[in-house]
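*Asks:* Got a predicted structure here, sequence first:
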Amino acid sequence: MKLKIKSKEELTAIAKDIFGRYRSAENVAVTSDGTAFITDENDLAVKNHSVKNRYGKKLAITEFTRDDFAGGKKSTEVNGGVKKAKDLIADIDAATDVDVVIAIAEAEKSGEKRKTVLDAAEAKLESLKTAE
């Protein structure tokens with residue numbers, strides 16, 4: 001079997017597909033032959049495949065994170081799914097900056113629109129404003 005090295009675009013497409021199919025995956029590594037590995041817990045499998053494969057050649061590893069495909073926009077999505085309301089409320093309660101609370105609230109308004117999260121954000125904004 002002849003080794004066909006994948007282009008950067010092909011590797012990116014493979015990683016994007018993995019993130020689409022495995023909503024909880026945060027890190028994916030793709031070897032130059034196009035074999036993908038979810039590396040959230042460790043990268044031993046991808047490292048092993050890169051040196052011990054059917055081609056008998058060392059393969060390059062390209063690593064991707066879910067953030068690489070998020071476009072940098074703030075969202076209430078985490079791990080490819082929506083962050084739990086209780087976790088967002090904890091983030092809001094821990095926030096000391098009005099901008100952080102506003103960002104969480106705006107992301108929630110454009111996403112899930114959960115009343116508990118929005119109410120927590122509103123209450124926190126009021127407490128931060130009165131503390132100033």
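*Replies:* Arrived safely. The shown structure was predicted, so the numbers you read here are calculated from the model rather than taken from an experiment. Residues are numbered from 1 along each chain as shown.

*Asks:* For the chain, give the helix that spans the most residues.
*Replies:* The longest helix of the chain (DSSP state H) is helix 115-131.

*Asks:* Now that helix: buried residues?
*Replies:* Within helix 115-131, the residues scored as buried using 16 or more other Cβ atoms under 10 Å are 117-118, 120-121, 124-125, 128. (Each C-beta comes from the backbone N, C-alpha and C, glycine too.)

*Asks:* Please tabulate the residues you listed in CSV and include distance to Lys2 and pLDDT as additional columns.
*Replies:* Below are the buried residues of helix 115-131 laid out as CSV (distance: Cβ to Cβ, whole Å; pLDDT from 0 to 100):
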residue, distance to Lys2, pLDDT
Val117, 53, 89
Leu118, 57, 93
Ala120, 58, 93
Ala121, 57, 92
Lys124, 60, 92
Leu125, 61, 92
Leu128, 62, 88
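
*Asks:* Stretch 104-118: which residues count as buried?
*Replies:* 104-105, 107-108, 112, 114, 117-118.

*Asks:* Helix or strand, whichever it is, which one in this structure has the lowest mean pLDDT?
*Replies:* Between all helices and strands in the chain, the lowest mean by mean pLDDT, DSSP states H and E belongs to strand 77-78, at a mean of 46.

*Asks:* Test for you: state the pLDDT assigned to Asp40.
*Replies:* Asp40 is assigned 93 on the pLDDT scale.

*Asks:* Am I right that it is in a helix?
*Replies:* No: Asp40: not assigned to a helix; according to DSSP: H, G, I helix; E, B strand; the rest coil it is coil.

*Asks:* so where's this structure uncertain?
*Replies:* The model of the chain has pLDDT under 70 over residues 70-82, 132.

*Asks:* other SSEs contacting the longest helix of the chain?
*Replies:* Counting by 3 or more Cβ pairs under 8 Å, 6 or more residues apart in numbering; DSSP states H and E, the packing neighbours recorded for helix 115-131 are helix 85-94, helix 98-110.

*Asks:* Show residues contacting the last one.
*Replies:* Contacts with helix 98-110, where a contact means Cβ atoms under 8 Å, 6 or more residues apart in numbering, come from 74-76, 88, 91-92, 95, 114, 117-118, 121-122, 124-125, 128-129.
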